[in-house]
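Q: Test case, fold it:
(2 chains)
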Amino acid sequence: MTARNRELFALIPASLLLTAGFAAVFIQRDDLLSDLSLTYGAIFLALCLAAHLVLRMTLPDADPYLFPLVAVLACFGLVMLYRLDEDFARDQAQWFVVGLIVFTVTIVALRRDHRILERYRYVIALGGIVLLLLPRLGSPVNGAYLSFSAGPISFQPAEIAKIAIVIFLASYLRDTRQVLVVGARRFAGITFPPLKHLGPLLAVWGTAMALLFVIQDLGSSVMFFGGFLALVYVATNRISFVVIGLGLFALGARVLYAVRPTIEARVDAWLNPFDPDLYEREVGGSYQIAQSIFSQADGGFFGQGFGAALVQLGDNPPLLPAAHTDLIYAVITDELGLLGAVAVLLVYLLIVQRGFKTAMLATDSFSKLLATGLTVVLALQVFVIVGGVTKLIPLTGVTLPFISYGGSSIVANFILLALLLLVSDRARREAMAT
Amino acid sequence: MLEPVSVGLKFAFLAVLYLFLLWVSRSALKDLRHGAFGGPRVATTAAPDATGMYPASSLAALEGDHDVVPRLVVESVPGLGRGMSYDVAEGATLGRGDVEIQLEDPFASSQHARLTRQGTIIVIEDLGSTNGTYLNDELLRGPQPLHAGDRVRIGDSTFTYDDGT
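A: Modelled structure (predicted):
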């Protein structure tokens, strides 16, 4: 089977999943077996086929599994959002279409050579930083500056900015990675990069710290800084740079913890979610995280079934606050159980595996670093939100890629996917030619 | 009433999902079995370590050994015989003008590219030439270290780098 035929074949189970999911939600809600679920499944399949045809024409050798894996995630998102609120699902479906259009535009624009991105690296980096600072103009949501509203549209610039910063770093490190290592000095048993080239690295550290203080969101800072350290490590093969970076980051986080009460409150809520004081506190308490754990426990091994999770009781405050964004993973666990939740994580794991495989196959350094960076950032985003929901780390609001409700998240992640496929197409074609 | 159907659908959903994942991961496992790179071995011969990048830290070929002389070997240069070579241990400039390595090449700028020794490695850098310098057929952007066997092309002139070991 050629790569594209594999992809085509893999889209069929994705559409079946959507059909089955909708049918189950209909039964649970209206006790009705409706053929509407078949219609939704068919529309979903048609959209995926359209994207598949674009790939077939433009990137014939790209990785065959990335797109179907993403389609499965999108299917989870649509079914869960429909089950929470029809309006969410309608918006999400529209954003899914917009995402596919942006995906197509990215691929068509960059299909001759994605490496032209390198020429615009400073513009891209500047754009990314400006985007990150935009939310500062608005008012904070739950103590963090994350979204920016222009009229009726509100978007989370961090989603787009993460891609811009990865492109910049990949291009910058491609030029300097050798020099970073060669001039390195050993001091007190740790290898430091040469001072001249340490500057830009410190600038990135400074940016991550500034971000931490400006947007006051630990989640996206971890994402950016983790991506940066991973790229430096891959580019230089020096674990000492990672150690230094982690030390500096820990220092910054500690300072922020000391000066910002919101962060302290989050850490408290994370450590003792079942403390009655914290649980009943109106703002900044542990209600959300505690409810998230309850609902995941409620799921058990096989789950309560589609549409059966308790999210809202009458007109009371929701049992699961922000169920459509932050806590969507908890809803999935409640309804499909451990088995379903592990499946979602497996899908992400496989996407990451395909991403790293692409990086390994790529022959030029920029493509390698780009694929690595994009994959790492996606993986870290999943880690930050799933880790938060399962109480492994303090809960911070980033989206679960391709599943959570949110236009900017969907669109940005489709751009990320397009870039990965562009790298993959070139790499696999070159690998097959020899 | 329709509850059995609902439960059935849930398990069908999970079954299809896991079959799909099994199918995808089977090909992932196949990649692993074919060696670190999965596909043809092209990348392994081009770069030795697991990430497929040149290990940046093992460039110490010149360290401590003063007999080792890095050279730029002529592959095809107008007016020069194949196999001739230039000693570049102390660095050199390539170009059409009054420089160490003179090229009779209409596409070369007068000061085209420069080789400099940085510690234990030789770094090549384009000096803002009109037609660019190519390192292994990739346009040179910014300074890059040379590895044994690297091909340097300026206009119609091609050199191979020999690190002397």
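
Q: Tell me, how many residues neighbour residue A:67?
A: Number of residues near residue A:67 (other CB atoms under 10 Å in any protein chain shown) recorded here: 22. Backbone N, C-alpha and C define where each C-beta goes, glycine included.

Q: how far away is it from residue A:2?
A: Applying CB to CB, to the nearest Å, the value for residue A:67 to residue A:2 is 14 Å.

Q: among the helices and strands of chain B, which one scores worst on average pLDDT?
A: Across the helices and strands of chain B, mean confidence by mean pLDDT, DSSP states H and E is lowest for helix B:42-46: a mean of 39.

Q: which helices and strands does whichever helix or strand comes after that helix pack with?
A: Downstream of helix B:42-46, the first helix or strand assigned by DSSP states H and E is strand B:71-76. Contact analysis of strand B:71-76 by 3 or more CB pairs under 8 Å, 6 or more residues apart in numbering or on different chains; DSSP states H and E lists strand B:85-87, strand B:157-162 as its packing neighbours.

Q: Just give me the neighbour total for residue A:326.
A: 25.

Q: next one: the one 10 residues further on
A: Around residue A:336 sit 27 other residues, with neighbours defined as other CB under 10 Å.

Q: and if you look at residue A:265?
A: 18.

Q: Repeat that for the one 5 residues further on.
A: When neighbours are defined as other CB under 10 Å, residue A:270 has 18 of them.

Q: what's the answer for residue B:69, then?
A: Residue neighbour count, defined by other CB under 10 Å, stands at 15 for residue B:69.

Q: Please look at it and residue B:164 and confirm they touch.
A: Yes: between residue B:69 and residue B:164 a contact is recorded at 4.7 Å, counting by CB atoms under 8 Å.

Q: How about the residues of the stretch 301-434 of chain A by chain B?
A: Neighbours of chain B within the stretch 301-434 of chain A, by CB under 8 Å from any CB of the partner chain: A:302-303, A:305-306, A:336, A:339-340, A:343, A:346-347, A:350, A:353-354, A:357, A:359-365, A:368, A:428, A:430-432, A:434.

Q: one more time with 7 Å
A: Applying CB under 7 Å from any CB of the partner chain, we find that the stretch 301-434 of chain A lies next to chain B at A:303, A:305-306, A:336, A:339-340, A:343, A:346-347, A:350, A:353, A:357, A:360-361, A:363-365, A:368, A:428, A:431-432, A:434.

Q: which of the residues you listed are buried?
A: Buried by 16 or more other CB atoms under 10 Å in any protein chain shown: A:303, A:305-306, A:336, A:339-340, A:343, A:346-347, A:350, A:353, A:357, A:360-361, A:363-365, A:368, A:428, A:431, out of these.

Q: Helices along the stretch 301-434 of chain A, start to end?
A: In the stretch 301-434 of chain A, the segments counted as helices under DSSP state H, counting those that start in this stretch are A:328-361, A:365-389, A:407-433.

Q: Please identify the most buried of those helices.
A: helix A:365-389 (a mean of 24; mean count of other CB atoms under 10 Å in any protein chain shown).

Q: what residues are up against residue A:219?
A: A:384, A:396-398 (CB atoms under 7 Å, 6 or more residues apart in numbering or on different chains).
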